[in-house]
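K.L.:
okay, predicted coordinates and the sequence, questions at the end:
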Amino acid sequence: MADEIQSVHQFRRFALAVCAIGVLVQLGLTAYYLGMGHKAAPHHLPVGLVADAAQRASVVAMLEEGGRFRVGDFTSADELTTAIRRREVYGGVDLTGAAPHLYVATSAGPAAASLLRGTYTSVVQQRTAAQVTELAKTADQVGIATVQALTAAPQVTDVVPLPADDVNGVSLGFLTQALSLGGTVASMGLGRLIPRTRRSWRRGVAHLSTLIVYAVGSAAAVLWSMSWFGIGSHADQWEMLGIFSLISLAVTGSTAGAVALIGPAGAAVGAFYFMIGTVISGASILPEFLPAFGRHLGENLPTGAGVQAIRQDLYFPAAPIGGHMWVLAAYAIVGCLLVLVTNVLPNRKDGTSEVDLDLTVRLEGVPDEGFSRSNSDFRGHAEPVERGNRGSERTHREHPEPDHRAADSAGHHNEHGPDVGADR
């Protein structure tokens, strides 16, 4: 076979190329992963503050130093908690009471909640130290009530805590990876199967229908597996099914559209979602903890939009979800349109799209030498036979043209002895 390696030198060159490509891919992925998550730090993380004018100036200056936080003002603790439930802020502090009070939402991201707790504890300790210093200057003795107030634990309220079955908040990342990988595999499989049938609008509809059916089935499987571990049991199951289906269709549709448009290389789109998109999806590393490029790219990929849609449907039902759903819908619609267009436009040619002639030989059991001769005969015709048109090839084999060379040879033989039989 032409594809077989013919020499040791050729094998070594091929092995060296494979190793070099593998090392380069590994180097690129390592640099990418470490660049995104090695030193994750907040960038303008939105938080809320309830404080009077005198307190606000010093607290805001401390929080916004270095660009870690972006502080928004609220008039009451109730207004602050409402903003947290709508995911307008990750948390905030109320300084209007006798003691400061911190509000967080672990479901919005454990990393953000831990950062807010650490920052809040530091601020409280600084405030306590300042109060102790003032007391030491003005009084020789400190009452028991004052000591208790100064040593009391900081008040923290988790407005939207994580469920007990997902204490680390990693479930969203696992779900997104499962949907992304499953959708990529399905798109690649359909990309190999569908081209073996004749191009037509019926094939386009069948391809699209298969993608939709798979998306719903994939969503149902993920939703069912979640129930094994008690995740999402309190959420609306039909809404979750719809969101998961749209995520799966966005991944499978866009990948299948790329495969239909440029061939097997289009499967790289699905690989991109899985290897690149899941890291910047916001599941394990919050968008505000990513570099600006990773944040903007992640939010506009099916994986990132899907993670945010799932998070808000599971834990923040009051938060708006329309923007994320539109991103998913755009990927799904564009991909499905590509699938339809690439199946309908080439219908002017009466042939299959990607079935090789040697595959036809194997399927129909025609000997290689017979097929080669038949194929060479076709090259002599004025109108070339379209590659992959098995009907024309079969007709040629069933009704072969007379072999003029054999006839000429027979006539030449008869010229030397045409009447031998007659003389006898």
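P.N.:
Perfect, I can see it now.
K.L.:
residue 165 against residue 228, yeah?
P.N.:
No - the criterion here is Cβ atoms under 8 Å, and residue 165 misses it with residue 228 at 10.2 Å. The C-beta positions use only the backbone N, C-alpha and C, and glycine is treated the same way.
K.L.:
burial count for residue 252?
P.N.:
By the criterion of other Cβ atoms under 10 Å, residue 252 has 33 neighbours.
K.L.:
and for the one 3 residues further on?
P.N.:
Residue crowding around residue 255 was assessed by other Cβ under 10 Å; the count is 31.
K.L.:
gap between it and residue 20?
P.N.:
As judged by Cβ to Cβ, to the nearest Å, residue 255 and residue 20 stand 27 Å apart.
K.L.:
kindly report the same for residue 46.
P.N.:
45 Å.
K.L.:
ok, those two, which is more surrounded?
P.N.:
residue 46 (18 against 10).
K.L.:
kindly state the beta-bridge partners for the more buried one.
P.N.:
residue 70 (DSSP bridges).
K.L.:
wait, doesn't it sit right on residue 70?
P.N.:
Yes - contact between residue 46 and residue 70 holds when scored by Cβ under 8 Å: they sit 5.1 Å apart.
K.L.:
all strands for this structure, in order.
P.N.:
45-50, 69-73, 91-94, 101-104, 155-158 (DSSP state E).
K.L.:
list the buried residues in the longest one.
P.N.:
Going back to what we said before, that points to strand 45-50. Of all the residues in strand 45-50, those buried under the rule 16 or more other Cβ atoms under 10 Å are 45-50.
K.L.:
look up how far residue 302 lies from the residue most central in space within the chain.
P.N.:
Nearest to the geometric centre of the chain sits residue 273, at 3.3 Å (Cα atoms, centre = their mean). Applying Cβ to Cβ, the value for residue 273 to residue 302 is 6 Å.
K.L.:
overlap in contacts, these two.
P.N.:
Common contact partners of residue 273 and residue 302 (Cβ atoms under 8 Å, 6 or more residues apart in numbering): 180, 251.
K.L.:
closest one to residue 103 out of the buried residues of strand 45-50, please.
P.N.:
Ranked by distance to residue 103 (Cβ to Cβ), the buried residues of strand 45-50 are led by residue 48 at 7.7 Å.
K.L.:
OK, contacts around the closest residue to the closest one other than its chain neighbours?
P.N.:
Among residues not flanking residue 48 along the chain, residue 92 sits closest, at 2.9 Å (Cβ to Cβ, 6 or more residues apart in numbering). Residues near residue 92 by Cβ under 8 Å, 6+ apart: 47-50, 72, 74, 80, 83-84, 102-103.
K.L.:
coming back round to it: more neighbours: residue 165 and residue 228, which one.
P.N.:
Shown here are residue 165 and residue 228; by other Cβ under 10 Å, residue 165 has more neighbours (12 against 7).
K.L.:
per-residue pLDDT, that one?
P.N.:
Residue 165 is assigned 73 on the pLDDT scale.
K.L.:
kindly report the same for residue 410.
P.N.:
Confidence for residue 410, expressed as pLDDT, is 46.
K.L.:
in the stretch 301-424 of the chain, which ranges drop under the pLDDT threshold?
P.N.:
For the stretch 301-424 of the chain, the stretches flagged by pLDDT under 70 are 346-424.
K.L.:
try it again with 50
P.N.:
Counting by pLDDT under 50, the stretch 301-424 of the chain has low-confidence residues at 347-364, 366-395, 405-407, 409-424.
K.L.:
residue 176 contacts residue 279, doesn't it?
P.N.:
No - counting by Cβ under 8 Å, residue 176 does not reach residue 279; the two are 10.7 Å apart.
K.L.:
hang on, the earlier thing: the residue nearest to residue 48 pairs with what?
P.N.:
Beta-bridge pairing for residue 92 (DSSP bridges): residue 48, residue 103.
K.L.:
how close does it sit to residue 319?
P.N.:
16 Å.
K.L.:
tell me the mean pLDDT over stretch 269-280?
P.N.:
86.
K.L.:
that stretch: which residues count as buried?
P.N.:
Buried residues in stretch 269-280 (16+ other Cβ under 10 Å): 269-270, 272-280.
K.L.:
can you check the pLDDT for residue 53?
P.N.:
83.
K.L.:
tell me who's in contact with residue 55.
P.N.:
Counting by Cβ under 8 Å, 6+ apart, residue 55 touches residue 95.
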